[in-house]
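Asker: Build me a model from this:
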Amino acid sequence: MNTIRLNGSRMLDRETTHAYLKRKLNLPDYYGNNLDALWDCLSTDFTPKKIVISEPDAIMEKLGPYGEALLQVFKEVAEDNSFFVVEIEKKEATKKTEF
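Answerer: Model (predicted):
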């Protein structure tokens, strides 16, 4: 299983976030740079992956409700696509949430 680490502090605004996700997740050229496109790409990717999201508080701070929706997309994809595992790292090293 391939592990991909996403750093929440790199997600400064919507445009930067989608460029970062496209690069880190190796999304196709036709990726639409929005949450619906992210859902479409991830929910139909059947390559086993573990996505580790560090600094989720930075996502919420920089992106507000959009950041919350972004994290929800990852959670829902993990629930819907058995090839995906999503882990959200909390500030304390011992606290992790896995979907």
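
Asker: ok, now which ones touch the spatially closest residue to residue 47 that is not a sequence neighbour?
Answerer: Among residues not flanking residue 47 along the chain, residue 83 sits closest, at 6.4 Å (Cβ to Cβ, 6 or more residues apart in numbering). Every residue, glycine included, has its C-beta placed from N, CA and C. By Cβ atoms under 8 Å, 6 or more residues apart in numbering, the contact set of residue 83 is 45, 46, 47, 48, 49.

Asker: Check residue 41 too.
Answerer: Going by Cβ under 8 Å, 6+ apart, residue 41 touches 25, 27, 28, 31.

Asker: and residue 11, what is it in contact with?
Answerer: Listed by Cβ under 8 Å, 6+ apart, the contact set of residue 11 reads 17, 20, 58, 59, 62, 63, 67, 70.

Asker: Kindly report the same for residue 29.
Answerer: By Cβ under 8 Å, 6+ apart, no residues touch residue 29.

Asker: just how off-centre is stretch 40-53 within its chain?
Answerer: Averaging C-alpha positions (Cα atoms, centre = their mean, to the nearest Å) puts stretch 40-53 9 Å from its chain's average.

Asker: average pLDDT for that stretch?
Answerer: In this model, stretch 40-53 has a mean pLDDT of 96.

Asker: Can you show me the CA trace of that stretch as PDB?
Answerer: C-alpha atoms of stretch 40-53 as PDB (Å, rounded to 0.1, in the frame of the first residue of the first chain):
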ATOM      1  CA  ASP A  40     -14.600  11.700  -8.600                       C
ATOM      2  CA  CYS A  41     -10.900  11.000  -9.000                       C
ATOM      3  CA  LEU A  42     -10.400   9.400  -5.600                       C
ATOM      4  CA  SER A  43     -13.600   7.400  -5.500                       C
ATOM      5  CA  THR A  44     -12.800   5.700  -8.800                       C
ATOM      6  CA  ASP A  45      -9.100   5.100  -8.000                       C
ATOM      7  CA  PHE A  46      -8.700   1.400  -7.100                       C
ATOM      8  CA  THR A  47      -4.900   1.600  -6.300                       C
ATOM      9  CA  PRO A  48      -4.400   0.800  -2.600                       C
ATOM     10  CA  LYS A  49      -3.400   4.100  -0.900                       C
ATOM     11  CA  LYS A  50      -3.000   5.400   2.600                       C
ATOM     12  CA  ILE A  51      -3.400   9.200   2.900                       C
ATOM     13  CA  VAL A  52      -2.000  10.700   6.000                       C
ATOM     14  CA  ILE A  53      -3.100  14.300   6.600                       C
END
